[in-house]
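S.K.: No sequence on hand, only this structure:
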């Protein structure tokens, strides 16, 4: 969903204090391992921000490198949580 993707981009930029514009983050933009701001501490802040923004709960067992691989993988995860 484009709306979810735009919202995920906004959360990424705000939470990690990125200098990119939302349009700079495509579905294929690599996240974990590519953004120095997305370290283990950044992941925790990002999860909390996503939970608050989308009113979802992300369980500890759902954390994984594949979840934070790209903007697209993160968006797809949030869409799946919203649909559940």
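M.R.: All right, it came through fine. The structure displayed is predicted, hence computed values, not measured ones. Residues are numbered from 1 along each chain as shown.

S.K.: Poorly predicted segments of the chain, please.
M.R.: Scanning the chain for pLDDT under 70 picks out the ranges 1-2.

S.K.: In it, mark out all the helices, start to finish.
M.R.: Along the chain, the stretches classed as helices by DSSP state H are 2-16, 40-54, 71-83.

S.K.: in the shortest one, what's buried?
M.R.: Residues of helix 71-83 classed as buried: 71-79, 81 (neighbour count, 16 or more other C-beta atoms under 10 Å). Yep, even glycine has a C-beta here, placed from its N, CA and C like the rest.

S.K.: Kindly indicate which of these lies nearest residue 33.
M.R.: residue 73 (12.7 Å; C-beta to C-beta).

S.K.: For the residue most central in space within the chain, give me its contacts.
M.R.: With distances taken as C-alpha atoms, centre = their mean, residue 74 lies nearest the centre of the chain, 4.8 Å away. Residue 74 makes contact with 8, 12, 31, 50, 67-68 under the criterion C-beta atoms under 8 Å, 6 or more residues apart in numbering.

S.K.: And residue 34, by the same measure?
M.R.: So residue 34 contacts nothing (C-beta under 8 Å, 6+ apart).

S.K.: from here on, count from 555
M.R.: Right, with 555 as the first residue, what we last looked at is residue 588.

S.K.: Return the distance of it relative to residue 579.
M.R.: Remark: distance between residue 588 and residue 579 (C-beta to C-beta, to the nearest Å) = 11 Å.

S.K.: and what of residue 592?
M.R.: Taking C-beta to C-beta, one finds residue 592 at 12 Å from residue 579.

S.K.: how much space is there between the closest residue in space to residue 586 that isn't next to it in sequence and residue 606?
M.R.: Excluding its sequence neighbours, the residue lying closest to residue 586 (C-beta to C-beta, 6 or more residues apart in numbering) is residue 622, at 3.9 Å. According to C-beta to C-beta, residue 622 and residue 606 sit 17 Å apart.
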